[in-house]
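# Mind looking at a prediction? Sequence and model below.
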Amino acid sequence: MPGTPDRPTLFDRADAAALRVPTSCRRSGRCRECIVEVTNGSDHLNPPTEAEGFLRQPFRLACQAEVDPPGAEVSFDIVRRRLRIVTGDARPRGAAVRPAVEARSGIVHWQNEPIGRLRDGERLLGLALDVGTTTVAVELVDLRTGQGLEVVTLENPQRFGGSDVINRISYDSGPHQGELRYALRKALNDELRALYRRRGLDRRDVYEMVVVGNATMRDLFFGLSVESIGERPYKSETELELTAGTRMSTAVVALAHELGLWMHPRGRVWGAPLIASHVGADVAADLVAIGTEHQPDVWMLVDVGTNTEVVLAAHGRIVAASCPAGPAFEGGSVTYGMQAADGAIESVQISSTGQMVFRTVGDAPPVGLCGSGLVDLLAELRRTDAMTAKGVFAEKARVLDVVPESGITFTRADASALAQAKAANTVGQQILLRELGLNAGQVDRLYLAGGFAQYVDVPRAIAIGFLAPVPASHVVKVGNAALRGARELLLDRTARDHLELVVQRIEHIELETAPDFFDLFVDGCQFKPIAEPDPLRTGRAA
């Protein structure tokens, strides 16, 4: 219900600032789409209403949160911001188009099963969806030509359930089970409706969706219980069933109408297989995107995100591990951290006079620092001796000014949060290299995947220990390889069979079982290059 002049809502504030807040219930609180994160002034808001019972502080529904007094200063962020994403190169010219969806004699089939009759002028379209913990990306694809038509990205609206997968597992296992899936479905359907309108399409033109994401995100999307992923042995229900012999693959499939998705009701929604534990379908899609069959003898994949995954292959073995990095490099736990949206500082250099020289996404006025900007800042602070390897600022300062005129600062607490996030990445790379008896110089190719990884300065990332000291010329940035892999799986049904064979070969390494894991983690919290593996400790970590 709209507010009044005496008690304006946060929705009214958004209207006045020309900010678009999603809603489809005329601000009655029923659709639960207008979620915002209150960053300042929550004491000037009314207590949460019954409609907001599924939310935790500091999240509110914009239509329910009333400001009192009307002129009080309250700051908030809209959860569903549009984000920058890099999908990588288009499909190679002449690549085969062999989708699971085909039209034969006027009948549309999915893997030989009839779906419906093809109408005059109807197109055969599909969707590739990458559900990240922080970012959601979907691509509309022509299943006849293989052409990608449009990519849409948005902030994952499930953030109210926690910034990482463990918190979301806990949330979904509680009294509000299903709310996370509902929030994402509503947000995705809104985007799909708008996409179809722009393209002049009918939802019945879309016959298949391929879904990738880590184990938690994928299973939440399909409405599967994620409780088992949050407790030992940290495996999806589908993985447990595969081990028990009650299913042949961890891949899942459902009808679109069963999931309430805005596409052909009998269209299929196919979830790619998981690798193991938290190493999920997004990493499996990464492997499709880079083409494991065409790699040199020693190659490595680092997919940077809220959960960073590392895959290393050498001498006939492929090992993989999940690193619980947390959201620090994606905008969480850092005072002025943010994702790569307009106004995010994406690169930083400290001049000889100590001035911060920066560039922002979209050349917009600076409002915060995204991941690549944070990596730059840390490296520059180390280069100029403005910060020690342990994250202590010069003259033991607690706060550094980054953009004084905009009030953007960087604190010791920020550095500590980033140190712990970086350490998780560091340990994952160290243990896998040690597992295969390698040093970083022996890696012929390192694929760097993930949202902000495309913009990371590689030498600076190596200097602070964010990446193993692989020769910079061996590093290949592949952007959102998971989305590209999902597109390949959508367009080539034979790629699904090949992926199943690759997944079966991968050995999962549990980092925490390494006897020196804690020592490595503590050392990894320092902003310095990753140490080469100790040959005396080479061997299986799990």
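Received the coordinates, thanks.
# Run through the strands of the stretch 151-300 of the chain in chain order.
Using DSSP state E, counting those that start in this stretch, the strands of the stretch 151-300 of the chain run over 206-213, 252-255, 268-271, 299-303.
# Out of the ones you listed, which is closest to Leu489?
Go through these one by one with Cβ to Cβ and the one that ends up closest to Leu489 is strand 206-213, at 4.9 Å. The C-beta positions use only the backbone N, C-alpha and C, and glycine is treated the same way.
# would CSV of the strands of the stretch 151-300 of the chain with mean pLDDT and mean neighbour count be doable?
Conversion of the strands of the stretch 151-300 of the chain to CSV gives the following (pLDDT from 0 to 100; neighbours: other Cβ atoms under 10 Å):
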stretch, mean pLDDT, mean neighbour count
strand 206-213, 98, 28
strand 252-255, 98, 18
strand 268-271, 98, 22
strand 299-303, 96, 26
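# could those strands go into TSV alongside distance to Thr409?
Rendered in TSV, the data for the strands of the stretch 151-300 of the chain read as follows (distance: least, Cβ to Cβ, whole Å):
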stretch	distance to Thr409
strand 206-213	34
strand 252-255	45
strand 268-271	42
strand 299-303	29
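# Of those strands, which is nearest Ser228?
Taking Cβ to Cβ as the criterion, Ser228 comes closest to strand 252-255 out of those, the separation being 14.6 Å.
# Put the alpha carbons of that closest one into CSV.
Presented in CSV, the C-alpha positions along strand 252-255 are these (Å, rounded to 0.1, in the frame of the first residue of the first chain):
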residue,chain,number,x,y,z
VAL,A,252,18.2,-33.2,-12.9
VAL,A,253,15.3,-32.4,-15.2
ALA,A,254,11.8,-30.9,-14.7
LEU,A,255,8.9,-29.5,-16.6
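# contact partners of it?
Applying Cβ atoms under 8 Å, 6 or more residues apart in numbering, the external contacts of strand 252-255 come out as 218, 222, 224, 238, 265-271.
# rerun that using 6 Å as the cut-off
Surrounding strand 252-255, the residues in contact under the criterion Cβ atoms under 6 Å, 6 or more residues apart in numbering are 222, 268-271.
# That strand: partners in the sheet, and parallel or antiparallel?
Partners of strand 252-255 in the sheet, by DSSP bridges, are strand 268-271 (antiparallel).
# picking up where we left off before, pick out the most distant pair among the contacts of strand 252-255.
Set against one another by Cβ to Cβ, the contacts of strand 252-255 have their most distant pair in Phe222 and Arg268, with a gap of 12.3 Å.
# Could you list the buried residues of stretch 523-532?
Taking 16 or more other Cβ atoms under 10 Å as the neighbour-count basis, stretch 523-532 is seen to contain the buried residues 523-530.
# What residues are bridge-paired with the residue nearest to Thr384 when sequence neighbours are not counted?
Take Thr384 and drop its neighbours on the chain: the residue closest to it by Cβ to Cβ, 6 or more residues apart in numbering is Ile350, 5.1 Å away. Residues found in beta-bridge contact with Ile350 (criterion: DSSP bridges) are Met356.
# Look up which residues are beta-bridged to Glu102.
Counting by DSSP bridges, Glu102 is bridged to His109.
# What count of nearby residues applies to it?
Here the neighbour count serves as a burial measure; for Glu102 (other Cβ atoms under 10 Å) it reads 17.
# Could you check how far it is from Val108?
Look at Glu102 and Val108: by Cβ to Cβ, to the nearest Å, they are 7 Å apart.
# Span of stretch 13-27 from start to end?
The first residue of stretch 13-27 is 13 Å away from its last residue (Cα to Cα, to the nearest Å).
# per-domain residue ranges of this structure.
The chain resolves into domains spanning 10-78, 101-282 when parsed by automatic domain parsing.
# any chance of those domains in CSV, with distance to Ile509 too?
Below are those laid out as CSV (distance: least, Cβ to Cβ, whole Å):
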stretch, distance to Ile509
domain 10-78, 34
domain 101-282, 9
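# Tell me which of those domains lies nearest to Glu395.
Closest approach to Glu395 among the domains of the chain is made by domain 10-78 (29.0 Å; Cβ to Cβ).
# how far out from the middle of the chain is the closest one?
Relative to the chain's own centre, domain 10-78 is displaced by 25 Å; criterion: Cα atoms, centre = their mean, to the nearest Å.
# what do you get for stretch 129-149?
Averaging C-alpha positions (Cα atoms, centre = their mean) puts stretch 129-149 14 Å from its chain's average.
# For Ala128, which non-adjacent residue is spatially closest?
Ranked by Cβ to Cβ, 6+ apart and with sequence neighbours excluded, the top spatial neighbour of Ala128 is Ala486, at 3.8 Å.
# Which residue lies nearest the spatial centre of the protein?
The centre of the chain sits closest to Gly132, judged by Cα atoms, centre = their mean, with a distance of 3.1 Å.
# So which residues of this protein form helices?
When assigned using DSSP state H, the helices of the chain occupy the ranges 10-16, 165-172, 179-199, 215-221, 237-244, 256-259, 281-290, 371-383, 412-435, 458-463, 481-491, 493-505, 517-524.
# can I get these in JSON lines with distance to Ala394?
Shown next, in JSON lines, are these (distance: least, Cβ to Cβ, whole Å):
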{"stretch": "helix 10-16", "distance to Ala394": "40"}
{"stretch": "helix 165-172", "distance to Ala394": "35"}
{"stretch": "helix 179-199", "distance to Ala394": "43"}
{"stretch": "helix 215-221", "distance to Ala394": "41"}
{"stretch": "helix 237-244", "distance to Ala394": "49"}
{"stretch": "helix 256-259", "distance to Ala394": "54"}
{"stretch": "helix 281-290", "distance to Ala394": "40"}
{"stretch": "helix 371-383", "distance to Ala394": "9"}
{"stretch": "helix 412-435", "distance to Ala394": "12"}
{"stretch": "helix 458-463", "distance to Ala394": "18"}
{"stretch": "helix 481-491", "distance to Ala394": "39"}
{"stretch": "helix 493-505", "distance to Ala394": "49"}
{"stretch": "helix 517-524", "distance to Ala394": "23"}
